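**Student:** sequence first, predicted coordinates after that:
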Amino acid sequence: MRLPNRGFTLIEMIISIVLLAVIGLSLSAIIQHSMTIYTGTTDREELILQGRFVTERMHKEIRDAVPNSVQVNSTETCIEWLPTVNTAVYETLAITPEKSNIVRVLPERGIKLGDRLVVMPTSATELLSPLPTSGLGRIAQAAQDIDFTAGNEAEMVDITLTQPTSFEENSPAHRLYMYRKPLGYCIEGSQLFRYSDYPLSRPELSPSGLSSGKRQLMADNIKDASFNVEHPSLVRNGLVKLQFIFSDNNEEVRLDHDVLIFNTP
């Protein structure tokens, strides 16, 4: 006995459509959730990479700063320091009340006209200030270029200073540092800028105060940031604390980074 051919009833068709719709919506939700996870992971990775680039660049530059040259502004959104361009061990030094326009040193490399020399630096403000006409202080300035090649056969050289100088005190290690121009970083809104090639006599530590130099964008998507300095002593290196919070597409990454300054007074 043959059964008659039957098609789908209306109820069966409706049930099938509803089931297919439910399955489709479920698959769509799963795919959307997977895409959200992927996008969020990608955003976090981009923020982490950006943060690592900034902190590693700043770490590399700050660690060789002249001791006690690092400073931040009152809002902790700008940081500045004096990069060390040369170091030297000196033989003797004219200590107050003595004066001399010659310092005999064994430097690491050649010396340039205009390089500033500092012994036992204690203040960033003093390092940035004009040289006192009296010649009394911790800072002097080279009056000429001096060629020098480091090596086992290297001998001490005489630095002629721009004026007779009377240094306030000796360094326990007979060490002096040389510098030229400062470097600065400032947070402006959600962006971080690097400032260079501006004069020691800049008016203030702020974006407008550093505007006479070169300005370079280093990072964006910054939600919050701050800089803090712990100054060195004779038995402890200086420490700079960097804190950044990067944010993009509802993703946040916080980076806390410490920079140990190699040089000590």
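**Tutor:** Received the coordinates, thanks. Computed from a prediction, not measured in an experiment: that's the story for all the values here. Numbering: from 1, shown residues only.

**Student:** any idea of the mean pLDDT in the helix ranked longest in the chain?
**Tutor:** When the chain is scanned for its longest helix (criterion: DSSP state H), the result is helix 10-62. On average, the pLDDT along helix 10-62 is 77.

**Student:** can you map out the helices along this structure?
**Tutor:** Using DSSP H, helices in the chain cover 10-62, 124-128.

**Student:** and those, which is most packed in?
**Tutor:** Highest mean neighbour count among the helices of the chain (mean count of other CB atoms under 10 Å): helix 124-128, with a mean of 17. Yep, even glycine has a C-beta here, placed from its N, CA and C like the rest.

**Student:** wait, Asn86 sits on Leu176?
**Tutor:** No: between Asn86 and Leu176 there is no contact under CB atoms under 8 Å: 9.1 Å.

**Student:** which one of those two is surrounded by more residues?
**Tutor:** A direct count of neighbours by other CB atoms under 10 Å for Asn86 and Leu176 places Leu176 higher, at 26 against 20.

**Student:** how much space between the more buried one and Val70?
**Tutor:** 18 Å (CB to CB, to the nearest Å).

**Student:** then Asp248?
**Tutor:** Asp248 is 30 Å from Val70, by CB to CB.

**Student:** so between these two, which is more surrounded?
**Tutor:** Using other CB under 10 Å as the criterion, Asp248 and Val70 rank with Val70 on top: 23 against 17.

**Student:** once you drop chain neighbours, what's closest to the more buried one?
**Tutor:** Trp81 (4.2 Å; CB to CB, 6 or more residues apart in numbering).

**Student:** the one you found contacts Asn68, doesn't it?
**Tutor:** No: contact between Trp81 and Asn68 fails when scored by CB under 8 Å: they sit 9.6 Å apart.

**Student:** tell me the domain boundaries of this structure?
**Tutor:** With domains defined by the TED database, the chain comprises 54-81+181-261, 84-179.
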